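Chemist: My questions concern the predicted model and sequence given below.
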There are 2 protein chains.
Amino acid sequence: MARIVMKFGGTSMAGTERIRVVAARVKREVDAGHEVAVVVSAMAGDTDRLVNFCREAAPLHDPKEYDVVVAAGEQITSGLLAITLQAMGVRARSWLGWQLPIRTSDAHSSARIEDIDTSGLIAAMSSGEVAVIPGFQGMTADDRVTTLGRGGSDTSAVAVAAAVKADRCDIYTDVDGVYTTDPRIVPRARKLAKVTYEEMLELASVGAKVLQTRSVGLAMKENVRIQVLSSFDDRDSADLPGTMIVGDDELGVEDMERQLITGIAHDKNEAKVTLTRVPDKPGAVASIFSPLAEASINVDMIIQNISHGTGSTDVTFTVPGAELARSLDLLGKAKEAIGYESLVHDTKVAKISVVGVGMRSHAGVASTMFSALAQRGINIQAITTSEIKVSVLIDEDETELAVRVLHTAYGLDAEVEAA
Amino acid sequence: MARIVMKFGGTSMAGTERIRVVAARVKREVDAGHEVAVVVSAMAGDTDRLVNFCREAAPLHDPKEYDVVVAAGEQITSGLLAITLQAMGVRARSWLGWQLPIRTSDAHSSARIEDIDTSGLIAAMSSGEVAVIPGFQGMTADDRVTTLGRGGSDTSAVAVAAAVKADRCDIYTDVDGVYTTDPRIVPRARKLAKVTYEEMLELASVGAKVLQTRSVGLAMKENVRIQVLSSFDDRDSADLPGTMIVGDDELGVEDMERQLITGIAHDKNEAKVTLTRVPDKPGAVASIFSPLAEASINVDMIIQNISHGTGSTDVTFTVPGAELARSLDLLGKAKEAIGYESLVHDTKVAKISVVGVGMRSHAGVASTMFSALAQRGINIQAITTSEIKVSVLIDEDETELAVRVLHTAYGLDAEVEAA
């Protein structure tokens, strides 16, 4: 017997027929003797509908009231799943964010979970009753409704799993696991049996959209074992070949044989900004990045070219494409303070990353990457590295080619037998 | 300066454009210096959508979870109205049923309001902030979501008005007041400036669908002045010629001149049931109506014909059309216990009622009715009376004719100047 948190996304909850499929899957875990809590998203499209209502009501709307409106979507599906489970003879009840309660910060529309009162929840689960919990929502200290930001239901599920000390948090999605890269680009991409939290964080933050990044960070901190599974596969969860997301320490002997590189991610949502002829003196770089940091704009890759011998230098960096306009505006206003000559930008770029905990103990990962790309004539515009990741910025048009080349270069293609 | 509760129905809340019209009307009251609470329904059609989800999930569903699902509709509109008011520069916030809280009985899906905590509400309203309250919803003593039954938002509005001791409860609807009869049947029907609670109760319960009966009963008990207004008329509420619903004691001198009869209502949703040759002995009638009462079937008009001289009698009564099948089933099972000969029924009947507090002090109201109908050859199948109402049961096909004949007979046609 285990204690399991199951999470179902909007596609799985889209309509009463699909909710019946979800309920059948929950029933199977209950019949197997497990204690179960289920975290649900709103029906696919419903959150968009509610968000649009808020935008129509006022483009700049009070996030407190926005939260009241959009939290309704998950309230609806949690009640419907409880009804459907009961109709199948499974004891169940919904627990809304304010009923548990799930306490969050007061950062409305992007709140952070601070505490979950599990007293009622654990008592109910222990008695064999399935707890159905709307994801994405919580309540502030002064009893206002909050939401966690888009995709927040993953975070809700991990937080509930941590709070009830669940053995496992099963995230059912419309993909059947985490792949070495996007299968639409590389048909020979392989599904991974295990990835570590850190690998998943790097893969997710650079574009693999299986799980919300925040939920993985929380799982790592709270040591929650996540399993990514397909909600469209009808087999028992024990037989479902999903992907387990675990700590480094859980990589067993068989995992030692795993590939150096776990996966390859790409992200076309970056924009490149270059400031030419920035004075090459102390404080110049700070004057560029301080205004961006103050505006909460996340700067990623930074390159400072060598001095022209003229006392000035070019500085290039990337920002999220959605923040480009704001970044250019801020930098334009700071032109005199920074003292650059011209401000140029490029949105036709892509960031390609190779990720793997294996590279910690292996040299040569980066050079394999550079050689493979060079052989196909792909020009590298910028490079960043972390302990378990090497990222390069290239022309957007070469994204698919680069991903395929690297997938082969690191021996990830499916013919190669791996962990 | 007054304290006003405004209530808007689903048609008024159907979409962000209409909500803007509602907000503009609320703003006008705020600008006039009034303290305002607004009670809102779900968008027209949204409650039906949510109810259908529940039915699809399971025909017999847990009313506790049904309430969780359907309460979401009003949560959405209350947040949207708050956003819209803020965009117009009006301070506003939503107060959900569990936030105030509105405490109700635990009769899920048809709960009764027991108590409204007004501390936060009155403080906010006094500070000039509009309180937006979702109608139809509340919370049990053990913090489960409840709803009040269809049309419950009227009741919410009156309950809030009573709790905050409002000067007035303005109910905005898609009609502009209470008429002497259905204007679709009698084009010369007149809008009434005032009706009493009791008259409104009789008019509502026999088919005038302006206000939920429960809300009128509550208003009478709590002495809340209700004003029925059109949400599609753009004038100031002070200038809007709606209908005031008040106590008998508020009928002034000018109202003394009002018509003997206030209005004429009709109801086609009754069904007539007759049991023939019921033994004419003590306890026979009880054996008919006890099983119906136990099944909560509301029996209305009852006629026991004179004995046939054979020791038996025919008993006729009406039940709501929706309860006919269940009634026939119960009576069929009780055939031996009751000892009747045959069970016949007729759904092609209509109940026509003339209503008015004036008839308390005037004789001849009923005979005017009977004569007028007889002159047009309309046969009366059954009669019931109360202190302020006379109802007759007639052939459904003669409904419109009967209403028109009576409207004229009691001098209600618009040419006649009245209160």
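Modeler: Yep, it's here. Numbers count the residues shown, from 1 in each chain, chains lettered A, B, ... in the order given.

Chemist: For the stretch 151-300 of chain A, which segments count as strands?
Modeler: Along the stretch 151-300 of chain A, counting by DSSP state E, counting those that start in this stretch, strands occupy A:168-173, A:194-196, A:226-230, A:243-246, A:263-267, A:270-279.

Chemist: Can I get those in JSON lines including mean neighbour count and mean pLDDT?
Modeler: Every C-beta, even on glycine, is put in place using the N, C-alpha and C of the backbone. Listed next are the strands of the stretch 151-300 of chain A as JSON lines, based on neighbours: other C-beta atoms under 10 Å in any protein chain shown; pLDDT from 0 to 100:
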{"stretch": "strand A:168-173", "mean neighbour count": "24", "mean pLDDT": "93"}
{"stretch": "strand A:194-196", "mean neighbour count": "24", "mean pLDDT": "91"}
{"stretch": "strand A:226-230", "mean neighbour count": "22", "mean pLDDT": "91"}
{"stretch": "strand A:243-246", "mean neighbour count": "23", "mean pLDDT": "92"}
{"stretch": "strand A:263-267", "mean neighbour count": "25", "mean pLDDT": "92"}
{"stretch": "strand A:270-279", "mean neighbour count": "20", "mean pLDDT": "92"}
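
Chemist: do you know which of those lies nearest chain B?
Modeler: strand A:168-173 (18.8 Å; C-beta to the nearest C-beta).

Chemist: contact partners of that closest one?
Modeler: A:2, A:4-9, A:11-12, A:22, A:25, A:154, A:157-158, A:160-161, A:210-211, A:219, A:224-231, A:237, A:242 (C-beta atoms under 8 Å, 6 or more residues apart in numbering or on different chains).

Chemist: Contact residues of chain A facing chain B?
Modeler: A:16, A:19-20, A:50, A:53-54, A:56-58, A:60-62, A:64-69, A:71-73, A:75-76, A:78-80, A:82-84, A:86-87, A:93-94, A:96, A:98-99, A:143-145 (C-beta under 8 Å from any C-beta of the partner chain).

Chemist: In helices, which of the contacts of strand A:168-173 fall?
Modeler: Of these, the ones assigned to helices by DSSP state H are A:22, A:25, A:154, A:157-158, A:160-161, A:219.

Chemist: Can you lay out the residues you listed as JSON lines showing neighbour count and distance to residue B:299?
Modeler: Listed next are these as JSON lines, based on neighbours: other C-beta atoms under 10 Å in any protein chain shown; distance: C-beta to C-beta, whole Å:
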{"residue": "A:22", "neighbour count": "22", "distance to residue B:299": "45"}
{"residue": "A:25", "neighbour count": "23", "distance to residue B:299": "48"}
{"residue": "A:154", "neighbour count": "29", "distance to residue B:299": "56"}
{"residue": "A:157", "neighbour count": "33", "distance to residue B:299": "53"}
{"residue": "A:158", "neighbour count": "31", "distance to residue B:299": "57"}
{"residue": "A:160", "neighbour count": "27", "distance to residue B:299": "51"}
{"residue": "A:161", "neighbour count": "29", "distance to residue B:299": "56"}
{"residue": "A:219", "neighbour count": "28", "distance to residue B:299": "62"}
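
Chemist: Let me see the mean pLDDT of stretch A:122-139.
Modeler: For stretch A:122-139, the mean per-residue pLDDT is 97.

Chemist: In it, which of the residues would be classed as buried?
Modeler: Buried positions in stretch A:122-139, judged by neighbour count with 16 or more other C-beta atoms under 10 Å in any protein chain shown: A:122, A:124-125, A:129-139.

Chemist: swap in stretch A:393-405?
Modeler: So for stretch A:393-405, counting by 16+ other C-beta under 10 Å, buried means A:393-395, A:398-399, A:401-405.

Chemist: do the same with stretch A:353-373
Modeler: Those would be A:353-359, A:365, A:368-369, A:372-373, for stretch A:353-373 by 16+ other C-beta under 10 Å.

Chemist: Adding secondary structure and pLDDT, write those out as CSV.
Modeler: Putting these into CSV (DSSP: H, G, I helix; E, B strand; the rest coil; pLDDT from 0 to 100) gives the following:
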residue, secondary structure, pLDDT
A:353, strand, 93
A:354, strand, 93
A:355, strand, 92
A:356, coil, 90
A:357, helix, 85
A:358, helix, 81
A:359, helix, 82
A:365, helix, 85
A:368, helix, 90
A:369, helix, 92
A:372, helix, 93
A:373, helix, 94
